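**Student:** Okay, structure incoming, though there's no sequence with it:
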C-alpha cells in the first residue's frame, strides 16, 4: 500500500489522492501537520514539500507531478 505524506489545504495532495482513487490503488494518507514524527521523517529524508509518496519505507515517486506522468499499469507494476 502506498503511503502519502500530506498536509491540509494542499492542492497537489488532493490531486494525488484523486489519481489513486481513480486508478483504485490502495493508499493511506498521513497528515504531517498533525504528526511530528512523520514531519521529522520527511525533513530527515530531505523533502521540503508534500505530497511525498512512499511504498514499503522507500520513496515511490517524488510527488504529484511524477505520479501524474505514470499510468495505472506503471503504478501497479512498481508496487
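**Tutor:** Cool, the structure landed. As the structure is a computational prediction, the values presented were derived from the model and not from experiment.
**Student:** only C-alpha atoms for contact and neighbour calcs from this point on.
**Tutor:** OK.
**Student:** isn't residue 68 right next to residue 19, touching?
**Tutor:** Yes. Using C-alpha atoms under 8 Å, residue 68 is in contact with residue 19, at 7.4 Å.
**Student:** ok, those two, which is more surrounded?
**Tutor:** Per other C-alpha atoms under 10 Å, whichever of residue 68 and residue 19 has more neighbours is residue 19, with 17 against 13.
**Student:** what sits against the more buried one?
**Tutor:** Taking C-alpha atoms under 8 Å, 6 or more residues apart in numbering, we find residue 19 in contact with residue 68.
**Student:** In the helix or strand where it lies, which residues are buried?
**Tutor:** Per DSSP states H and E, residue 19 falls inside helix 11-22. Buried residues in helix 11-22, counted by 16 or more other C-alpha atoms under 10 Å: 12, 13, 15, 16, 17, 19, 20.
**Student:** of all these, which comes closest to residue 33?
**Tutor:** Using C-alpha to C-alpha, residue 13 comes nearest to residue 33 of the buried residues of helix 11-22, at 13.1 Å.
**Student:** Skip ahead from the helix holding residue 19 and say which helix or strand is next.
**Tutor:** According to DSSP H and E, the helix or strand after helix 11-22 is strand 27-31.
**Student:** contacts for the helix or strand following that next one?
**Tutor:** Later in the chain than strand 27-31, the nearest helix or strand by DSSP H and E is helix 36-44. Helix 36-44 is touched from outside by 5, 30, 32, 33, 48, with contacts defined as C-alpha under 8 Å, 6+ apart.
**Student:** In helix 36-44, which residues are buried?
**Tutor:** Applying 16+ other C-alpha under 10 Å to helix 36-44 flags 38, 39, 42 as buried.
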